[in-house]
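> my questions concern the predicted model and sequence given below.
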Amino acid sequence: MDLGKRGLGILALLASTALLASGCSGGGGTNDAAAAGEDKTITWWHNSNNGEGKAYYEKVADDFEAAHEGVTVEVSAMQHEDMLTKLDAAFQSGDAPDVYMERGGGELAGHVEAGLTRDLSELATDEISMIGGNIAGWQVDGKTYALPYSVGLAGFWYNKALFKEAGISNPPQTMDEWMDAVKKLKAAGIDPVSVGAGDKWPAAHYWYYSVLRECSQEVLNASVKNLEFDDQCFVKAGEDVKKVIDSEPFNPGFLSTPAQSGPTSASGLLATERVAMELAGHWEPGIMQGLTEDGKGLGDDTGWFPFPTIDGGAGAQDAQLGGGDAWGVSQDAPDEAVDFVKYLLSDSVQQGFAKLDMGLPTNPAANDSVADPALASLLKARDESPYVQLYFDTAFGASVGGAMNDEIALLFAGQSSPADIVAKSQDAANMEK
Amino acid sequence: MTEGVKVVSATVPARQSTAAEARPRNTAAERGSRSPKRKLRAPADKRKNLEILFFVTPALLLIAMFMLVPIIQAVRFSVYNWKGFGPLVDFVGLQNYVRVLQNEVFTDALVHNLVIIAGSIIIQLPLGLAIALLLNRKMKIQGLLRTIIFVPYVLSEVIAGVVWFQLLQPQYGLIDTVLAKLGIQGPAQGWLGTPDLALWTVLIVLTWKYLGLAVILFLAGLQGVPDELYEAAQIDGASWWQIQRKITIPLLGPTLRTWGFLSMVGSLQLFDMVWILTGGGPANSTTTMATFLVSEGTKRQNFGVASAASVILFIVALILAVSYQQFILKRDTQPDTSRKRKKVRR
């Protein structure tokens, strides 16, 4: 009778992790304690689980405890994927940590709808105005539910030496120049671009960015809000991506290439100088460092340029695609948890965060503390852009985003069309309505 | 790990069935002597029942917790539109089932599962049988060869998957490098990246992985073939081929049929290897029902749809298993009397 066990096993696993998670955090009972005015405990889950980052966050928690008598911060540092699984389980069991990482978009909207996360609009007005445009991804119906502490962009990471070898003096700024660069690299015998289409989302970033160039911000906002893809600009974006694919710029075997795992992944190919560039997020230097023996990645050859402009597109040509992490406060958390989140966004904490290259700070006071030159140029592009669009798979939520990414990956495999991407995304969106 | 359990449970019936012919006499004798005692010692019987209850309860509880409850939960989730958090409120009836069954990716996945069932049996049966027959002959390094054949099966599926994934890398992988040295150009997208080749590549890796199980089961079955039959056949002047065809393979029947069942169930549940090698891609060309439901559940958070898919997988597996039991395994499990009767008539 062990049939269908795998699927059911997963559910069993989820159920048992939920049990475990609730067992672990059950000691809190924070609400009652808060009401009685006794010692208060804030549970905090984060994903900086090694080295300096972990130590830094421990210090931050200690400092907060010292400044707030009677408050204890229980810190749980977890590996990123582990944390996401445990968070899902914790939300299922209704026993989420008080302060947790919120990725925004459709996922946040789901949490809001289920009444799991706290409205911070009135409680953190100063922080919200300080963060400015970067906060858009964490707002639902005009209310702010989490404070982003790191917002990064996707763009092209490239190998300066290989570009030079192919005779490309300046990084391309328009799509035509980009295609030109691809031709030059090919002529020099260099595989121009790597893409981890095996994981689907790296391929999808091409479509996201093309949409950003083809569609105006009003169209995009309405689309995310109403879950409608009826504007023709979405199809046009697909056609742009098809042109890119037809120019055959990608590494051999890109359909099964993973995004970041191992030296033959898309990041690995760039890090080991087998391709000249890759469209990836702000995490790329860190990933590349992990994939090279000397731990330096491309070192001084690391360069970054934003996604090229597309002639005749109705969208903002300098808008950026990105995403980030925010601190959310769960519905039942004590008020001190809100203070703690505000403290996490304060000048001093964000400066320390930036100094350790833990991410791209959202507090402008920390901008000068970003040490890495490539990250600093990215930060500049972010703050100069009219707006940062949240990655669409996050913005639309996992269900629509997943359908979208699958269909875009099929386009890369030559088995779909620009119209199909729109149609399949719409199908999935209709299920959400 | 589950496969490990299966081996044990598989070898036991295989051995029993071959030894079955010798056993009935003993059991009949035991029965005869035991039944009068039973009536006399009723309290002892009660104690025995308690004993059974005591030892079986933990296992039953575990089964209830980790099998029955999840099955019931899956059925419950499958009639709701549920994202994995918050209360179950959005009741949608059978809509999730319609969504799954109308989804081309799922129907393709079902076809892939069937291809893998057929492929495994068609490739592994003759190959496994041939190797088992060869390894059954007395030779010097028999033990070593048997170990080598069995090693892939013992290896964790995840580790084997990662190793093969690296070997099969396009351009930089060992296989493509060797082929290039021989002047053969591998497919441009790689063996796992070309939609038309990916499923067959996975099937080859699976054959490598599970051939050892077939061989070891067949070898176990071969031990149960009485030597007298070979001797008698040799005296009658039968050739090696004739002996294999007329004696060994027919007597191996129960083992072969049990192995077929295991292979079928394993193919239906196939997940790990595909997940690591291709993740179901490229272009959904290697999705199985299990990878479909996992990606619907964990990646897209459509837990209702994933649960519906798991229930469908359960039903498909149940139907296949029951019909296999009914039409193929039945001849091994039913009492020998009917067969004997036929012989008597002749």
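Received it, and whenever you're ready, just let me know what you need. Numbers count the residues shown, from 1 in each chain, chains lettered A, B, ... in the order given.
> so which helix or strand takes in A:Val193?
A:Val193 belongs to strand A:191-194 when assigned by DSSP states H and E.
> meant to ask about A:Tyr158
strand A:155-159.
> list the strands paired with that strand, with their directions.
For strand A:155-159, sheet partners with direction are given as strand A:275-280 (antiparallel), strand A:302-305 (antiparallel), following DSSP bridges.
> any idea which of the ones you listed is most buried?
Most buried of the strands paired with strand A:155-159, by mean neighbour count (mean count of other Cβ atoms under 10 Å in any protein chain shown): strand A:275-280, with a mean of 26. For every residue, glycine as well, the C-beta is placed using N, CA and C.
> which residues sit against that strand?
With contact meaning Cβ atoms under 8 Å, 6 or more residues apart in numbering or on different chains, strand A:275-280 is reached by A:154-159, A:162-163, A:166, A:185, A:190-195, A:202, A:205-206, A:209, A:251, A:259, A:266-267, A:269-270, A:284, A:287, A:307.
> buried sites along the next helix or strand after that strand?
Next helix or strand after strand A:275-280 toward the C-terminus (DSSP H and E): helix A:284-290. For helix A:284-290, the neighbour count (16 or more other Cβ atoms under 10 Å in any protein chain shown) marks A:Glu284, A:Pro285, A:Gly286, A:Ile287, A:Met288, A:Gln289 as buried.
> returning to that earlier point: A:Thr144: which of the strands paired with strand A:155-159 is closest?
The closest of these to A:Thr144 is strand A:275-280. By Cβ to Cβ, the value is 28.4 Å.
> let me see the mean pLDDT of that closest one.
Averaging pLDDT along strand A:275-280 gives 96.
> dump it to CSV, restricted to CA.
Provided in CSV are the C-alpha atoms of strand A:275-280 (Å, rounded to 0.1, in the frame of the first residue of the first chain):
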residue,chain,number,x,y,z
VAL,A,275,30.9,33.0,-21.2
ALA,A,276,31.0,36.8,-21.4
MET,A,277,27.8,37.9,-19.6
GLU,A,278,24.7,36.8,-17.8
LEU,A,279,21.4,38.5,-16.8
ALA,A,280,21.2,38.1,-13.1
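> list phi and psi for residue 102.
Defaulting to chain A. Torsion angles at A:Glu102 (phi, psi; degrees, to the nearest 10) stand at phi -120, psi 130.
> that answer is for a different chain, and I need it for chain B
According to degrees, to the nearest 10, B:Gln102 has phi -90, psi -10.
> report how many residues lie close to it.
B:Gln102: 9 surrounding residues under other Cβ atoms under 10 Å in any protein chain shown.
> state the distance from it to B:Val305.
Note on B:Gln102: its distance to B:Val305, by Cβ to Cβ, to the nearest Å, is 11 Å.
> residue in the stretch 51-200 of chain A nearest to chain B?
Residue of the stretch 51-200 of chain A nearest chain B, by Cβ to the nearest Cβ: A:Ala114 (3.1 Å).
> which residues touch the strand holding A:Val193?
A:181-182, A:185-186, A:249-252, A:254, A:257, A:266-267, A:269-270, A:274-279.
> against B:Ala214, how distant is the residue nearest the centre of chain B?
Taking Cα atoms, centre = their mean, the centroid of chain B lies closest to B:Leu262, which sits 2.6 Å from it. Distance, B:Leu262 to B:Ala214, using Cβ to Cβ: 9 Å.
> my read: the residue nearest to the centre of chain B touches B:Leu213, true?
Yes. Contact criterion Cβ atoms under 8 Å: B:Leu262 and B:Leu213 qualify, at 7.4 Å.
> re earlier: so which of the contacts of strand A:191-194 belong to helices?
If you go by DSSP state H, these have A:Ala181, A:Val182, A:Leu185, A:Lys186, A:Ala266, A:Ser267, A:Leu269, A:Leu270 in helices.
> from what I can see the fifth one touches A:Ser256, true?
So that's A:Ala266. No. Using Cβ under 8 Å, A:Ala266 is not in contact with A:Ser256; the gap is 11.1 Å.
> write out the residues of the stretch 51-200 of chain A neighbouring chain B.
When proximity is defined by Cβ under 8 Å from any Cβ of the partner chain, the stretch 51-200 of chain A lies next to chain B at A:88, A:91-92, A:110-111, A:113-116, A:197-200.
> just the buried residues from those residues, in PyMOL please.
To isolate the buried members of these in PyMOL, using 16+ other Cβ under 10 Å:
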select buried, chain A and resi 88+91+92+110+111+114+116+197+198+199+200
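> which of the residues of the stretch 51-200 of chain A next to chain B fall within helices?
By the criterion of DSSP H, membership of those in helices covers A:Asp88, A:Phe91, A:Gln92, A:Gly110, A:His111, A:Glu113.
> check what pLDDT the fourth one gets.
Think A:Gly110. 87.
> residues near the closest residue to it other than its chain neighbours, how many?
Nearest residue to A:Gly110 in three dimensions, chain neighbours excluded: B:Lys83, at 5.3 Å (Cβ to Cβ, 6 or more residues apart in numbering or on different chains). The local packing of B:Lys83 (other Cβ under 10 Å) involves 25 other residues.
> SS state for A:Asp294?
Of the three states, A:Asp294 takes coil under DSSP: H, G, I helix; E, B strand; the rest coil.
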